[in-house]
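Student: got a sequence here, can you model it:
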Amino acid sequence: MKRIFSLLLALALLAALAGCGKREPTPDKPDEPTPPPEDGITLAELNVEFVAGERNPDELMKLKKELPPLLIDALADEGVTVGKVNVTFGASDEATADALARGTVQVGFVPMETYLAHDDAQRPVCSQIPTPDMSLDTVFLLFTESERSLAAQEQPIASDYVTAHIGELVWLLPEGDETAERFAAYWVERNCGVPFEEVPVEYYTDADALAPDAGDILVLRCMDSALPNGACVFDSCILWGELIVVQAANPITGSDTFALALQNAMDSIWTDDTEGQAVIAHYSSGESHILYTSTSAERYDTTRYVLGYSDDFVPQSEK
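Tutor: This is a model prediction of the structure:
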């Protein structure tokens, strides 16, 4: 009897072991992104990359050496503790965009068009503030009449005057410039609710040769702030500039908390600290200070449309 009982017990154990052998192991749960803590952010390292371009290598090396301690201190004042800041230089804007997408860089200084081409992977935090000495790729909307004549129309806002006379004004566009034409179409349909195909349009090849005829609207594409004599600017769209962006997918450095901290930190570096202004100036090879201000993705909706990166604009005439 004991032998039979022992045999049955052995068979039961074998069956149990066999059942265990067939059981599939429970897969490990993937690590979920950790949101920034409410009491501050702590980072062992922060990788910051600038686009080298044709900038002075000696000035860039000064930037690499002098920026990290300033940025660490400025971020600490905003509740972000960073153990080490690594400054690198991308061989091209696309190289820096790729590094941001891969996550090897968390903060990048890139041209505006680089951000627009990769806005699904980047979050804009700060934008460069234009200064009078800069050459900017800009589309201007001008009256070709004199400023005194415009004031004589007794219209407090030029766009109101254009809206009231939209069927009478002739729009002068630079021939073959799709960007300028998209800006004009965007402006007319957004502000006047009229399809651009319904307004009188003429094309020019030489802006300096245009006569300042009253009532005309000139859409001028240029790389500087030099405007025709007698022209009165009432709108413009800057198509150039540097942005500070972060990797959008990173749950820490892509968060609202870090973006605000970085905005405030950079603001303190270049507005409250003479040393900080000098350090940032290394990025422009010491020629002039580079100043930035806070920004957001929504601020580039017009530029995104005008440069052809989006066709999502729905004019008022189609709403």
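
Student: shaky segments in the stretch 201-319 of the chain?
Tutor: Low-confidence segments of the stretch 201-319 of the chain, defined by pLDDT under 70: 211-215, 224-231, 272-273, 285-289, 313-319.

Student: which residues of it fall in strands?
Tutor: 201-204, 217-222, 232-238, 242-247, 292-294 (DSSP state E, counting those that start in this stretch).

Student: quick check: which of the ones you listed is buried the most?
Tutor: Highest mean neighbour count of these: strand 242-247, a mean of 24 (counted as mean count of other C-beta atoms under 10 Å). From N, CA and C alone the C-beta is placed, and that goes for glycine too.

Student: list the neighbouring strands of that strand plus their orientation.
Tutor: With DSSP bridges as the test, strand 242-247 is paired with strand 107-111 (antiparallel), strand 122-128 (antiparallel).

Student: give me the neighbour count for the closest residue to Ala297 other than its chain neighbours.
Tutor: Counting by C-beta to C-beta, 6 or more residues apart in numbering, Pro124 is the residue found nearest to Ala297 once chain neighbours are left out, at 5.9 Å. Pro124 has 23 neighbours, counted by other C-beta atoms under 10 Å.

Student: how close does the residue most central in space within the chain sit to Val219?
Tutor: In the chain, the residue lying closest to the centroid (C-alpha atoms, centre = their mean) is Pro124, at 4.2 Å. Separation of Pro124 from Val219 (C-beta to C-beta, to the nearest Å) stands at 26 Å.

Student: one step back: any chance of TSV for the strands paired with strand 242-247, columns mean pLDDT and distance to Tyr204?
Tutor: Converted to TSV, these look like this (pLDDT from 0 to 100; distance: least, C-beta to C-beta, whole Å):
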stretch	mean pLDDT	distance to Tyr204
strand 107-111	95	29
strand 122-128	93	31
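
Student: want to throw those into TSV with distance to Ile269?
Tutor: Formatted as TSV, the strands paired with strand 242-247 follow (distance: least, C-beta to C-beta, whole Å):
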stretch	distance to Ile269
strand 107-111	13
strand 122-128	11
